[in-house]
Structures are given as C-alpha cells and as structure tokens.
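**Q** the following comprises the amino acid sequence and a computationally predicted model.
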Amino acid sequence: MNDGDRSIETSLLRNGHYIDGHWRGSSETYPVYNPATGSVVAEVAKGGRAEAQEAVDAAAKAFPAWRALTAKERSSRMRRWGELMLVHREALAELLSREQGKPLAEARGEVAYAASFLEWFAEEAKRAYGDVIPSPSPHAKILVVREPIGVVAAITPWNFPLAMITRKAAPALAAGCTMVLKPSEETPLSAFALAVLAELAEIPAGVFNIVSGDAIAIGTVLTGSSIVRKLSFTGSTRTGKLLARQCSDTLKKLSLELGGNAPFIVFDDADIDAAVRGAIASKFRNTGQTCVCVNRFYVQNGIYKAFTQALVDAVSRLRVGDALAGDFEQGPLINRAALIKVQEHVADAVVKGARVLMGGKPHALGGTFFEPTVLVDATHGMLIAQEETFGPVAACFRFDSEEEVVTAANGTPYGLAAYFYTRDIARSWRVAGALESGMVGINEGIISTEVAPFGGVKESGLGREGSKYGIDEYMELKYLMLGGLDG
Ligand SMILES: NC(=O)C1=CN([C@@H]2O[C@H](COP(=O)(O)OP(=O)(O)OC[C@H]3O[C@@H](n4cnc5c(N)ncnc54)[C@H](O)[C@@H]3O)[C@@H](O)[C@H]2O)C=CC1
Ligand SMILES: O=C(O)[C@H](O)CS(=O)(=O)O
C-alpha cells in the first residue's frame, strides 16, 4: 500500500481477485491512483478471461448450497455483512476517498448507504412470497413460486465504489443467487474490502466473487457464458448498450442503470432558498459525478435573476480539496478524461452564448480539480443540454411556460431523475406525470434511498434497484399445477 498509508486498517486491504473464497494474483498488475494526488494507491492483479471463467465456475459450484439455505439463514449472514460495514465505516470511507476522491463526509455517507441495501434485502429475503391461485379445475391446485435466477454477473462504476456493488449483491444473494463482480478498475480496493467483510460474515466461498483487470476480456466471459443467467450493470449508456448486445446470444436477464441528464425546474412560485439547497445537494454531490446529478437548470423568467444569484452565492461557499487533507465539499474529477469532458462542455456552452457567472476552468489545485461553475443563458444547442457532463457545472436555462419547460425537460434520450420546485399542488401532479423520468424529486434534491425503486426510462436503463421491487430482478416465477387431486 503506497500513498502514505495512514489509518486504513490493513486487514481490509487486498489487491487481487477473490475467487471461490480465495485471494489470488495474476501475472500482471495495474495501478490504482488517488485522483486527488495522482499517486499510486496500490498495484492490483490484472485479471482476464481465465480468472473470469474461474469465478463463474466457482459461483456455479456454490449456487446449490446457497439457494438451499433457508431465507432466514441467508438473511442473518447478510445482516451481519452490513453490520460489519458500519463497524469498519471509517476505514472503508478513508479507502473509498483515497481511490475515488469524494469528500470524507460523503464517503462515510456512502458506507451507510451501501450497508442499508444489505440491511434492507436481508429482510426482503424472508418475504419472497409466492401465490396460490384459485384453480379452474376441482382436481388441481395452482401455485406460483419465486426462484433464484442462478449465477449473476455484476459490472459496476467508479463513482460509488461500495453502494453500486451492494445495490446488486444484496438483492442477488437475498434471492439465493451467487455473483461474479467486476468493479471499475478505477476503484477496486473498496470492492475487495467488501469481500473481506463478506468472509467475516460467513458468506460462503464462491457466493460472492470479484475479478478485475482487463474489463473487455472479463466482460466477454461474463456476457458470453451460458452459466451466467443475469447481468446487472451500472455505468454509461454506451457501455450498457454494448453489454446488452453481448448478452443477447445467451438471452440473459438484464438490469441496466445507465446515464442521465437530469432537469431541475424552478417555477416562479418556488421557495428559492429551498430550491438552492436542493440544487447544491443534487448538482455538486460527488463533485457532480452521479447519474442523478442535475445537468440542466430550468428557471422561470420571473425568478431567473434571483435564483441564479442565490445559486452563485451558495456555490461560492463550496470548498475544493483533497478529502484526506482537510474538510472539503468538492473533490477531484476521477481522471483526466473526465476533466477534458467538463472543459469541453463549458467551452462549447460559452462559444454558443452562455455566460460564466463563476468558475469555468481547471482549479488552481491542478490535477483533475475543476472550479465549481455556474453558467447562465444556456440554450438547447449546447452539448451540456444533451450529454451528461459528470462534473461540477450548473447550466441555467430560462423558460416561460409550464408546457415549454416540460417539453424541454423531456428533450433528451435520457430519463433517470428529474426535479422541480413549486408550491402549487395541482402543478406538482401535472408536471410529475408529464416528465419522462424513472424518478422525480418534488421540492427535494436528494431522492436516492434503499426503500424506493431506483432506475430510469428511455436510454437511462432497464429495471429497478432497491425497494420491494429490487429482489424481482434476481428471481424467476415458476407456475405449478398440482393435479390428480380428489375433486
Ligand atoms: N444509472 C445509474 O445508477 C448510474 C449510472 N452511471 C453512469 O456511468 C458513467 C460513469 O461511470 P463509468 O464507470 O465511467 O462508466 P463506464 O460505463 O465506462 O464503466 C462502468 C463499468 O463498466 C466497465 N466497462 C466499460 N467498458 C466495458 C466493456 N467493454 N466490457 C466490460 N466492462 C466494461 C468499466 O470497467 C466499469 O466497471 C456515467 O455515464 C454515469 O451516468 C454511474 C453510476 C450510476
Ligand atoms: O452512481 C450513481 O450515480 C448513483 O446511482 C446515484 S445514488 O444512488 O447514489 O443517488
């Protein structure tokens, strides 16, 4: 472990694959960087096809015994896993910030959020009920049972290195499935730490496996194997479409949590202070690197000046820095490509008529830090109106009528999250119903919780994660007709 090891508990540190309950290396390694400092946090085993196949075989071998456990037994081990995450919250948060860059307060929040999925689905495991259907025949009974789909592949992004994993592993294991996970190569260390805690929670060998390294090679095995019956993916829409195509030959069940381009609508009658609080929470969380971050602020003309000025005042109070060097609200972008994309969106907007009220360029800290930015006079021909920025840039558009803004808000291929602020109850129902989005925040800027169905429509994905609906993604219905009975 490089990068000036501090208080991270070495017991959580691994840098290789976790397959069939064993840690193992590969002939090559790849570096994991601290995005705030550019230093190498660790060298990690670079796995490929062979390791992926071994992991699939291990998951298949472990499946019968895991599904045969009672739901109560699976539940108690999953609950213990979540409890252990909270016991090690500080060490997990520090490791997460070190490899992903988010402020420590947010990293601590993510540990709790990730653990909440294990707590939630430990309970859902015991409620995977079936049905008894009134039979049309006096000689037969009709039953419906829910069964685990089998071996599940999960591929997850770097922006929530723990929560995006448990949001898949928890319902999968609760259902009785086993899993092969490929975490992002930007942030594998948090995933490995999760496996250390799974072992302590007595999750049996082969139930939860991790391989990282050559994403394309590993993905080819996971999407091509007929043993893998389900792929759960969180990441960009581009990658999601590619993986879905790769799964088509074996007709896998798919859960896809993809990109977004969230609109945030502020009507004239909104509580401006509340709207600004919601704007900061939603836009600048994880330095703008979440799929549910606002990408477009639509502000009704009557309050445009008041809202944008209040937004600038609030953004100016955001402190930027290295999560492990102080108390900051904004960290670095994950890598140089992310910084270049944010710069491209700002430059394109300015060329097409936007004005920069604050920020607008790489931060004086250097590296991949970018100034928290507010743009006004944004218009729909700009890249920022159609593409996901994934950075700390608030682009403000004007609008006149409700009809105009709903049309604009729906005018992208995405439909993950949308937000609006109004005091008008009738308008709340009208606009919530008209928005093409899987999730809508009404006078709220943070809407993610394990108890509600997270997911999008259009090109933001398929399926839902969390809530009472989430376990269905990992189960199949089986219908039984029990005949030969006395009428
Ligand atoms: N809807 C949601 O819940 C979320 C969506 N996202 C989206 O993900 C993007 C940012 O995350 P990234 O990690 O950059 O996305 P990405 O799509 O580049 O990578 C996501 C995962 O897919 C893997 N991957 C990429 N290409 C692959 C291939 N050809 N075969 C197999 N695996 C492959 C990566 O290694 C990583 O583990 C943004 O677009 C964001 O909106 C991120 C988090 C949550
Ligand atoms: O990766 C993401 O963007 C997450 O899905 C957002 S959230 O669930 O943490 O809000």
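**A** On my side now, so go ahead. Numbering: from 1, shown residues only. Ligands and ions are numbered 1, 2, ... in the order given.
**Q** next, count neighbours for R89.
**A** Counted with other CB atoms under 10 Å, the neighbours of R89 add up to 17. C-betas here are computed from N, CA, C, even on glycine.
**Q** excluding sequence neighbours, find me the nearest residue to it.
**A** Leaving aside its chain neighbours, R89 sits nearest to V111 (4.8 Å; criterion: CB to CB, 6 or more residues apart in numbering).
**Q** near ligand 1 at all, the strand or helix carrying that neighbour?
**A** Using DSSP states H and E, V111 sits within helix 104-124. No. Figure legend: helix 104-124 not in contact with ligand 1 (CB under 6 Å from any ligand atom); closest approach 12.0 Å.
**Q** name the helices or strands packed onto the helix or strand that comes right after that helix?
**A** With elements assigned by DSSP H and E, the helix or strand that comes after helix 104-124 is strand 131-133. Contacts defined by 3 or more CB pairs under 8 Å, 6 or more residues apart in numbering; DSSP states H and E place strand 131-133 against strand 141-148.
**Q** quick one: strands adjacent to whatever helix or strand comes next after the strand it packs on?
**A** Note on strand 141-148: by DSSP H and E, the next helix or strand toward the C-terminus is strand 151-155. Counting by DSSP bridges, the strands paired with strand 151-155 are strand 178-182 (parallel), strand 228-234 (parallel).
**Q** so can I have JSON lines of those showing distance to ligand 1, mean pLDDT and mean neighbour count?
**A** Below are those laid out as JSON lines (distance: least, CB to the nearest ligand atom, whole Å; pLDDT from 0 to 100; neighbours: other CB atoms under 10 Å):
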{"stretch": "strand 178-182", "distance to ligand 1": "6", "mean pLDDT": "99", "mean neighbour count": "28"}
{"stretch": "strand 228-234", "distance to ligand 1": "5", "mean pLDDT": "98", "mean neighbour count": "25"}
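**Q** ligand 2 is nearest to which of those strands?
**A** Proximity to ligand 2 (CB to the nearest ligand atom) singles out strand 228-234 among the strands paired with strand 151-155, at 6.3 Å.
**Q** put together CSV for the strands paired with strand 151-155, with distance to Y414 on each row.
**A** Output for these, formatted as CSV (distance: least, CB to CB, whole Å):
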stretch, distance to Y414
strand 178-182, 24
strand 228-234, 15
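**Q** those: which one's closest to G366?
**A** strand 228-234 (30.2 Å; CB to CB).
**Q** now the closest one, how far from the centre of its chain.
**A** On the basis of CA atoms, centre = their mean, to the nearest Å, strand 228-234 is displaced by 14 Å from the centre of the chain it belongs to.
**Q** CA atoms of that strand as PDB?
**A** Taking Å, rounded to 0.1, in the frame of the first residue of the first chain, the C-alpha atoms of strand 228-234 are listed here in PDB:
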ATOM      1  CA  VAL A 228     -24.400 -16.700 -16.200                       C
ATOM      2  CA  ARG A 229     -28.100 -16.100 -16.300                       C
ATOM      3  CA  LYS A 230     -28.300 -12.500 -15.400                       C
ATOM      4  CA  LEU A 231     -26.200  -9.300 -15.900                       C
ATOM      5  CA  SER A 232     -26.700  -6.300 -13.600                       C
ATOM      6  CA  PHE A 233     -24.800  -3.300 -14.900                       C
ATOM      7  CA  THR A 234     -24.400   0.200 -13.700                       C
END
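**Q** what about the residue nearest the centre of the chain, which helix or strand?
**A** Residue closest to the average C-alpha location in the chain (CA atoms, centre = their mean): M164, at 4.4 Å. Using DSSP H and E, M164 sits in helix 163-175.
**Q** now for that helix, which elements pack on it?
**A** helix 71-87, helix 104-124, strand 151-155, strand 178-182, helix 188-200, strand 228-234.
**Q** so for A395, which of those sits nearest?
**A** helix 104-124 (22.5 Å).
**Q** tilt between that closest one and helix 163-175?
**A** 10 degrees (axes from the mean of the first three to the mean of the last three CA atoms, to 10 degrees).
**Q** how far away from the center of its chain is helix 104-124?
**A** Using CA atoms, centre = their mean, the offset of helix 104-124 from its chain centre is 12 Å.
**Q** packing partners for it?
**A** Using 3+ CB pairs under 8 Å, 6+ apart, helix 104-124 is in contact with helix 71-87, helix 89-100, helix 163-175.
**Q** next one: the shortest one to chain centre, how far?
**A** In terms of CA atoms, centre = their mean, the centre of helix 89-100 is found 17 Å from the chain centre.
**Q** tell me the mean pLDDT over it?
**A** With pLDDT averaged residue by residue, helix 89-100 scores 98.
**Q** ok, back up a step: could the helices and strands packed on helix 163-175 go into a markdown table alongside distance to D377?
**A** Converted to a markdown table, the helices and strands packed on helix 163-175 look like this (distance: least, CB to CB, whole Å):
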| stretch | distance to D377 |
| --- | --- |
| helix 71-87 | 45 |
| helix 104-124 | 31 |
| strand 151-155 | 39 |
| strand 178-182 | 42 |
| helix 188-200 | 40 |
| strand 228-234 | 34 |
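**Q** for E371, find the nearest of these.
**A** Across the helices and strands packed on helix 163-175, closest to E371 is helix 104-124 (CB to CB), at 18.8 Å.
**Q** in that closest one, what's buried?
**A** For helix 104-124, the neighbour count (16 or more other CB atoms under 10 Å) marks 104, 106-122, 124 as buried.
**Q** packing partners of the host helix or strand of A55?
**A** Taking DSSP H and E as the criterion, the element that holds A55 is helix 49-68. When contacts are defined as 3+ CB pairs under 8 Å, 6+ apart, helix 49-68 packs onto strand 17-19, strand 141-148, strand 151-155, strand 178-182, strand 208-210, helix 215-224.
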